[in-house]
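Enquirer: My questions concern the predicted model and sequence given below.
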Amino acid sequence: MKNYTILLLCFLWAVSARAQTDTIQKIVPGRKNTSEQQKKPYVILISADGFRYNYAQKYNASNLLTLSNQGVRATSMIPSYPSVTFPNHYAMVSGLYPSHSGLVNNTFYDRDRHDFYTMGNKAKVADGSWYHGAPLWVLAEQQHLLSASFYWVASEAAIQNITPTYYYVYNEKIAIRDRISAVVNWLNLPAEDRPHLITFYFPQVDHAGHLYGPDAPETAHEVHFVDSAVSELTKAVKTTGLDVNFVFVSDHGMTNVDQQHPISIPAAIDTSKFIVSGDGILVELYAKGDADITATYNHLKRQAKDYDVYLKTNVPAKLHYSQSDDWHNRIGDILLIPHYPKVFNLYNKSIHPGWHGYDPNLVKDMHATFFAWGPAFKPHTTIPAFENVDVFNLIRSILGLEYTGKTDSTDKLANDILIKPMK
């Protein structure tokens, strides 16, 4: 009886754990590549979160250096502001700056909804109504070209009622060998069922960079893990016999910050009059009444030390984060931006050594990585830094996807690095 009870408890624990961590592939039935789309190229878009622009050289990521030497390597890629994870992953696949896509930060307040979006809330993340624009997989599926995602920001949300044909709900429980096997299985499907666009995501380098800093051996270890995993992925994909194009990117970089002297919440902020969002490298104040904005702004300007204070109306144009850019009414009325290497600590938390989110025009450590190789790309090509929204038009060009909506993406990247430039 005792053994039976133990077995029953173990079974119930396993069922509970399974329910809490969804590791099952989602497949949308009834979709097929048209005969014309079956002739299109294949693209695997890989993101290594927090993989700073110089990590491959700094830590001798030999596989990535070899692969990018065969194709294209950018000196760096410039993230959109703020240089944080969710806005920049979405910028690359939507071609829209964060202020234009509506995904203005990892956490933000929506005045019209009277609600917060936060990257840690799975229900919000999976709600397609939070996202504007048309990410690459939505365009592909609308044009009867199948897509798949082993993670990407918003890939599990039905944007315009569309998800990738094949996708997983984000979790970190699935081993890398199983993720690689899933990609190979997708590419071994019959032509009518085979995805031509696949997204793939690594969180490890970002985690280590935050916890230990960009110069730590733990961060070097995770860079080498990603380097090895990408090598194994390319070898496994080669067994399919398909000529696949690889685009390796990161969303932002990482830098060391002043852990010992964080900035506390300014005394001028009256939380009965303002909704406060953010922490660290950007604090946004949403006024409950317009009459309180000017007085609070002036008070903050007078007492500000180690940070800049902006009204939504006078944010520097280079950030694309002002009132004129706020297409979806989600940017705060007052913004507090710390001077590098300072960070805010509004909630009395421990400050990790590694951070990102600063203006990439001022802090080079915010710059991201861009490598690409495969039959679509010019060989042995190095290009200067470019804005990450141009990744959208690059991949559209490779896959021949039409788009008539608003975009911040230009054709320059595609024209510079593709063997057959955009028409």
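Expert: Nice, I can see it. Keep in mind it's a predicted model, so treat the numbers as computed, not measured. Residues are numbered from 1 along each chain as shown.

Enquirer: When you work out contacts or count neighbours from here on, use the C-alpha atoms and nothing else.
Expert: Will do.

Enquirer: and Asn63, that one's in a helix?
Expert: Yes - assignment of Asn63 by DSSP: H, G, I helix; E, B strand; the rest coil places it within a helix.

Enquirer: what's the spacing between it and Phe116?
Expert: Asn63 is 41 Å from Phe116, where distance means Cα to Cα, to the nearest Å.

Enquirer: Please apply the same query to Asn185.
Expert: 38 Å.

Enquirer: just Lys406 next, same as before
Expert: 25 Å.

Enquirer: Equivalent analysis for Asn388, please.
Expert: Taken as Cα to Cα, the span from Asn388 to Phe116 is 26 Å.

Enquirer: More neighbours: which of those two?
Expert: Asn388 (31 against 14; other Cα atoms under 10 Å).

Enquirer: show me what contacts that one?
Expert: By Cα atoms under 8 Å, 6 or more residues apart in numbering, the contact set of Asn388 is 77-80, 88, 91-92.

Enquirer: Quick check: the farthest pair among those?
Expert: Met77 and Ala91 (12.5 Å; Cα to Cα).

Enquirer: Quick one: low-confidence residue ranges for the stretch 1-150 of the chain.
Expert: Regions of the stretch 1-150 of the chain meeting the criterion pLDDT under 70 cover residues 1-20.

Enquirer: now the helices for it?
Expert: 2-20, 55-58, 62-70, 85-94, 98-101, 122-125, 136-142 (DSSP state H, counting those that start in this stretch).

Enquirer: got it, and the stretch 151-300 of the chain?
Expert: 176-187, 204-212, 217-238, 293-303.

Enquirer: With Leu413 as the reference, name the closest of the ones you listed.
Expert: Closest among those, using Cα to Cα: helix 217-238, at 23.0 Å.

Enquirer: Any figure for the gap between the residue nearest to Asp325 when sequence neighbours are not counted and Phe386?
Expert: With sequence-adjacent residues excluded and distances taken as Cα to Cα, 6 or more residues apart in numbering, Asp325 is closest to Ser99, at 5.8 Å. Noted for Ser99: a distance of 19 Å to Phe386, by Cα to Cα.

Enquirer: got it, and Leu399?
Expert: 21 Å.

Enquirer: again, but for Val72
Expert: From Val72 to Phe386 the distance is 13 Å (Cα to Cα).

Enquirer: show me the contacts for the residue nearest to the spatial centre of the chain.
Expert: Computing the C-alpha centroid of the chain and ranking residues by Cα atoms, centre = their mean puts His89 first, at 2.2 Å. Going by Cα under 8 Å, 6+ apart, His89 touches 152-153, 251.

Enquirer: got those as a markdown table, with pLDDT and distance to Leu285 columns?
Expert: A markdown table is the format used below for those (pLDDT from 0 to 100; distance: Cα to Cα, whole Å):
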| residue | pLDDT | distance to Leu285 |
| --- | --- | --- |
| Trp152 | 98 | 29 |
| Val153 | 98 | 25 |
| Asp251 | 98 | 25 |
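
Enquirer: Can you tell me which of those residues has the most neighbours?
Expert: Counting by other Cα under 10 Å, top hit in the contacts of His89: Asp251 with 31 neighbours.

Enquirer: Spit out the contact partners of the residue nearest to that one when sequence neighbours are not counted.
Expert: Closest residue in space to Asp251, ignoring its immediate chain neighbours: Asn88 at 5.3 Å, by Cα to Cα, 6+ apart. Contact analysis of Asn88 by Cα under 8 Å, 6+ apart lists 79-80, 98, 251-252, 388.

Enquirer: thinking again about what came up before, which of the contacts of His89 fall in strands?
Expert: With DSSP state E as the criterion, strands contain none of those.

Enquirer: and of those residues, the nearest to Asp49?
Expert: Asp251 (5.8 Å).

Enquirer: In this structure the closest one contacts Thr85, no?
Expert: Yes - if you go by Cα atoms under 8 Å, Asp251 and Thr85 touch, sitting 5.9 Å apart.

Enquirer: which neighbours do those two share?
Expert: The contact lists of Asp251 and Thr85 share Asp49, where a contact means Cα under 8 Å, 6+ apart.

Enquirer: burial measure for Phe392, as a count.
Expert: Phe392: 25 surrounding residues under other Cα under 10 Å.

Enquirer: Pull the distance from stretch 34-43 to the chain's centre.
Expert: 26 Å (Cα atoms, centre = their mean, to the nearest Å).

Enquirer: again but with stretch 154-167, I slipped
Expert: For stretch 154-167, the distance to the chain centre is 16 Å (Cα atoms, centre = their mean).

Enquirer: can you list the residues that contact that stretch?
Expert: Contacts for stretch 154-167 (Cα under 8 Å, 6+ apart): 25-29, 31, 90, 125-129, 131-132, 134, 137-138, 141, 146-151, 168-170, 195.

Enquirer: Please spell out the PyMOL selection for the buried subset of those.
Expert: Command for PyMOL, covering only those of these found buried under the criterion 16 or more other Cα atoms under 10 Å:
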select buried, resi 26+90+125+126+127+128+131+132+134+137+138+141+146+147+148+149+150+151+168+169+170+195
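
Enquirer: hang on, the earlier thing: what about Val72 and Phe386, which has more around it?
Expert: The residue with more neighbours, out of Val72 and Phe386, is Val72; 24 against 18, by other Cα under 10 Å.

Enquirer: residues touching the more buried one, list them.
Expert: Counting by Cα under 8 Å, 6+ apart, Val72 has contacts 371-373, 377-383, 417.

Enquirer: change it to 7 Å
Expert: Residues in contact with Val72 (Cα atoms under 7 Å, 6 or more residues apart in numbering) are 371-373, 377-382, 417.
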